[in-house]
Structures are given as structure tokens and as C-alpha cells.
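> Pasting the sequence and the predicted model now:
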Amino acid sequence: MDYCFTGRGSSRNLYLVKRYQKNKTIITLQIMKKITTTVFVLASFFVFAQQKNKAAAQSFYAKDRTVTVYTTAESTNLRLSKTDNLKFSELKQPTERQTCVFVNPDKTFQSLLGIGGAVTDASAEVFAKLSKEKQQEFLNAYYNAEKGIGYSLLRTTIHSSDFASGSYTYIKEGDTELKSFSIEHDREFKIPLIKKATETAGGKIILYASPWSPPAFMKSNKDMLKGGTLLPEFFQPWANYYTKFVKAYEKEGMPIWGISVQNEPMAVQTWESCVFTAEAERDFLKNYLGPTMKKEGLGNKKIIVWDHNRDLMLQRANIIFNDPEASKYAWGMGFHWYETWAGGNQMFENVGKVHEAFPDKNLMFTEGCVEKFDAKNYQLWANGERYGSSMIHDFNNGTVGWTDWNILLDENGGPNHVGNFCFAPIHADTKTGELIYTPSYYYIGHFSKFIRPEAKRVSSAVSRSSLLSTSFLNKDGKMITVVMNQSDVAVIYNLCIGNQAAEVTILPNAIQTLVY
């Protein structure tokens, strides 16, 4: 190319133009390189996304899989018994006359935190009365995934609840500064059982704790029992108490996953209880408990609010979770199943309403048991069905963890220091030394034994109201579908995934776990 310049400074101008052309070329090359790189990255992203979506859609095939069926049924000796091995075959369009359970692995929801029960003082005291052989049988029954039902979640109490031989705290009455704080009381029964349960579970278990009442001197009624409220001058000492508990238990080699603010904060009970309105719990959490846990290096511990029945849970969620300064400390909401005390049915839909309103908050069933103990009803089938129905509905409404109440009680439904005797899935007859397994144990086991922590819930629906169902995909690739027959007649149904189906028979008043 020829360059023609005239006039003064033409040499300088020529130099500048050449430099400009050179720089322009370099800049153009750089821009082209960036564009090429961007296009490549975007193309790679879309290819990866398509591959990922394709993999997700094709990650689970029913064809050629074997369905192993485990059954527990009334009026039979079937208790978590293997009853069938089935194969899938093609079924493109079910008819109206066919009963079906539809599972869609492509639609996934929450991950499972765990399933378990509570180690109370009562449970630990009864456990200590068993022979070494029966103790090991009991531990295996709950915490060994192969020999038992594989519990992975454990709740305990921060000092006493009603399920203990008496009331107690970890400090001397009136010790505002908590200088006398000691968990020595728990070293006799409760701590040894928690440690043995953890060992049987493979050395790891999710452990969380709940208080039933502050010490009497901190309350308006000067009594750990019969309700009352936390006095304002003790907001900070009571917040400090939680941190003392967590640190003391962790010093004993028992990591604490989390705590709840207050067990059943709207109940005035004859046993340990303390009332917190929604506003009171919100303010205590955001101004005292949350900041204190953080200040003490425990900000990673999960804090559960409410910890009471399903009836008022949405109102409590609205008050606490809509306050950003309180909500930031709340991992989620715990709930119980005792709303039927006033009559009516269990209000499962309220769990779903909280999940819908606050999808970023976790939901955990923190307590449930069959009330009004009567030894004649050890094998009452409806008790087990209450567990099965609740677990299916709660999981389908977004619950990530499910915790039963006492793991063990004696032949009187205790000990309970105010006579509030209840059922547990397993009872020990302390006179004969024998363990009594109730239907509740087996119904819980149909979930806990097969659906393992980190399993992902997938879409599951039934075509007849006599059946209930939930499904989870375990980390190992095994799909778990639990089906419950609420009717008193056998039902033949199709387990349907895409255009594949396996025909299954479920007995009257039965629960099944399908593993495939």
C-alpha cells in the first residue's frame, strides 16, 4: 500500500498512521479473540445444559429393573418382610379401571435430612434397666440400617421434660450468671444412650435439642411447670444457657446440629412449659438467641422455630419469617401432630402452605406420639397407620426431616413425672426384661430403613384415595416408593414410570416399600 503525505510533519504523520493501523489490527484481533472465546463458552454452556437436562431426563429407567417389595400388614405375620420381586413391562396408557401409583423421576423436590426419634430421660432410664443383650437388640433395632430401621436423626431435651423421673436444670436455682452450669445429671443415663446410638448408627447422627422450660426463677410464674413466660431481665441469661448446653455436649464428643427455641410455645401444660407468642419468639430470636449463638462461635448451628402443632404454624411463620432480622437466624420450622386435641383431623395442608409461602425455609417434624397409654393397645393397628399417613403427607408437603418422640418407654408408658403416659414404637417390660415392638415401629421403618439421608423426593401420585404414596431417589440410584393401603380390602395397582409398569398387590390395612 502506498502512503502519500504532503506538508510539514508528514514523516511524523506517517508514523502515527502506521502505529494507528497496527494498534487497530491488534485491537481487532483481541476483540475477535474475546468474541470467539465468548461464543465458545456460551456454546459449551448450552451443550452442557442440554447434556445435563438429557442426562437428568434419562438418569432413571424403569425398564429391566427389578422391584423388590417389602410389606407390613394387619392380621398377618408380615413385618417389613420381603414379599415379592417384580419386573416392569410396557403400559402406555392406564385405563380408568386400573389403580395406579405414578412416579416421575424427572420432577424432584426436597432432600431428606433424616428420620429418627428422641432420646429423653425416660427412654434412657428404661434402657439402663435392660440386660446387655436386650440393650444391643434395641440399639440394632433402631440404629443399624441392616439389622434394624436405620435411624439417622436424634432429638434430645435441654434439661428436663415431662418424660423424666423428675424436673431438673443444669444450674442452681437463682444462678443468673450460670456459674454452676453442669450437665452431670445427663452423664448417668442420657449421654451414654446417645453415644451408643451414635456408634450403632455408624459413628454419625444428626443431633438436635429442645428446651421445655427455663429454670423457675427466670419465669413469670416462678415454676418450670404450668406455662408462664420468660421474664425480660432473663432474656440474655437464658440465651447464654443454650450456648452453655451446646458447648458442654460437644465437649463430651456429641456434635450438636441445631436447637429449637422452645418446645410447644403456645401450650400451658401440667409439665415443663413456657409460653412465647409469635412476636415474643421473634424478638427473643433476633435480639438475644441468634446474636448470642453467633457471638459464641455457634452461628453455624441450625435454629428451629415454633416446634408446636400444625394448626398455628402459618401464623408463626408469617410473624418470624417476614422479619428479616429474625428470619436470618432461623433455619426453618419444626412442627408436631397434636392439633387433633381440639377435634378434627390432622392439618397436613398447613405444612404445604408454609412451604409454599417460604420455600427457602426448611420444615421438620419434631415430635409425635400416640397419647393415652393403655397396654391393651400395644398392637392397635391404627397407631401404626397414624405414623404412615403423617409421614407420607408431611414429606409430600415439603418436610425434610421426621422425628418421633420417645424411642423407648416402659410397660406403663413412662416414666413421666406428671403421669402423662404415652406410647413409643418400642416398649420394655422392665419386669420380664422383654422388648415389645408395636405397629408404629414397623410403619416408621418402611421409610427410615430404605429412604436414606440426602435422598431426593420425586413426584408420586395415586389414582385412588384408598392409597397413599411418596417416593424418593437415593444417592445410590435406587428409587424408593412407599405405598399405604388405608382400606380393609386388598388392592391390585400398577407402579407406573413413563410407559413402564409393574403390577403389585397390597394387602388390606398394609404398608409397602418398593425398592427398584
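Noted; the coordinates are in hand. All figures in this text were calculated on a predicted structure; none of them were measured in a lab.
> same question for stretch 462-473, mean pLDDT?
In this model, stretch 462-473 carries a mean pLDDT of 98.
> Need the residues that contact that stretch.
With contact meaning CB atoms under 8 Å, 6 or more residues apart in numbering, stretch 462-473 is reached by 60, 94, 98-103, 105, 108, 112, 388-389, 391-393, 395-396, 451, 455-461, 479-487, 491, 493, 506. Glycine gets a C-beta too; all of them are placed from N, C-alpha and C.
> got the end-to-end distance for it?
18 Å (CA to CA, to the nearest Å).
> Helices of the stretch 51-200 of the chain, residue ranges please.
121-128, 132-143, 190-200 (DSSP state H, counting those that start in this stretch).
> Just name the most buried of the ones you listed.
When those are scored by mean count of other CB atoms under 10 Å, the highest mean neighbour count falls to helix 121-128 (a mean of 24).
> Next, the angle from that helix to helix 190-200.
Helix 121-128 and helix 190-200 are oriented at 70 degrees to each other (axes from the mean of the first three to the mean of the last three CA atoms, to 10 degrees).
> which strands and helices sit next to helix 121-128?
Counting contacts by 3 or more CB pairs under 8 Å, 6 or more residues apart in numbering; DSSP states H and E, helix 121-128 packs against helix 190-200, strand 409-410.
> What strands line up against the following helix or strand past the longest one, and which way round?
Proceeding C-terminally, helix 190-200 gives way to strand 206-211 as the next helix or strand, assigned by DSSP states H and E. Strands flanking strand 206-211 in the sheet, each with its direction: strand 153-158 (parallel), strand 258-260 (parallel) (DSSP bridges).
> can you redo the helices and strands packed on helix 121-128 as TSV with distance to Ser81 and mean pLDDT?
Shown next, in TSV, are the helices and strands packed on helix 121-128 (distance: least, CB to CB, whole Å; pLDDT from 0 to 100):
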stretch	distance to Ser81	mean pLDDT
helix 190-200	23	98
strand 409-410	26	98
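> Could I get these in a markdown table, plus columns for distance to Tyr241?
Listed next are those as a markdown table, based on distance: least, CB to CB, whole Å:
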| stretch | distance to Tyr241 |
| --- | --- |
| helix 190-200 | 17 |
| strand 409-410 | 28 |
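> which one of the ones you listed lies closest to Gln135?
Among those, helix 190-200 comes nearest to Gln135, with 7.7 Å by CB to CB.
> For that closest one, name the packing helices and strands.
If you count contacts as 3+ CB pairs under 8 Å, 6+ apart, helix 190-200 packs onto strand 114-119, helix 121-128, helix 132-143, strand 153-158.
> I'd like a version of these in a markdown table, one that adds mean pLDDT and distance to Gly228 as further columns.
A markdown table is the format used below for the helices and strands packed on helix 190-200 (pLDDT from 0 to 100; distance: least, CB to CB, whole Å):
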| stretch | mean pLDDT | distance to Gly228 |
| --- | --- | --- |
| strand 114-119 | 98 | 24 |
| helix 121-128 | 98 | 21 |
| helix 132-143 | 98 | 35 |
| strand 153-158 | 98 | 17 |
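> I'd like the ones you listed as CSV, with distance to Pro324 appended.
Formatted as CSV, the helices and strands packed on helix 190-200 follow (distance: least, CB to CB, whole Å):
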stretch, distance to Pro324
strand 114-119, 29
helix 121-128, 38
helix 132-143, 39
strand 153-158, 27
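> and of the ones you listed, who's closest to Ile407?
Of the helices and strands packed on helix 190-200, nearest to Ile407 by CB to CB is strand 114-119, at 4.1 Å.
> Send me the closest one as PDB with only the CA atoms.
C-alpha atoms of strand 114-119 as PDB (Å, rounded to 0.1, in the frame of the first residue of the first chain):
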ATOM      1  CA  GLY A 114     -33.000 -37.800  58.200                       C
ATOM      2  CA  ILE A 115     -35.600 -39.800  60.100                       C
ATOM      3  CA  GLY A 116     -35.400 -40.700  63.800                       C
ATOM      4  CA  GLY A 117     -36.700 -40.300  67.400                       C
ATOM      5  CA  ALA A 118     -36.000 -38.700  70.700                       C
ATOM      6  CA  VAL A 119     -33.700 -39.800  73.500                       C
END
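> Okay, now stretch 86-105: how far is its last residue from its first?
OK, stretch 86-105 end separation, CA to CA: 19 Å.
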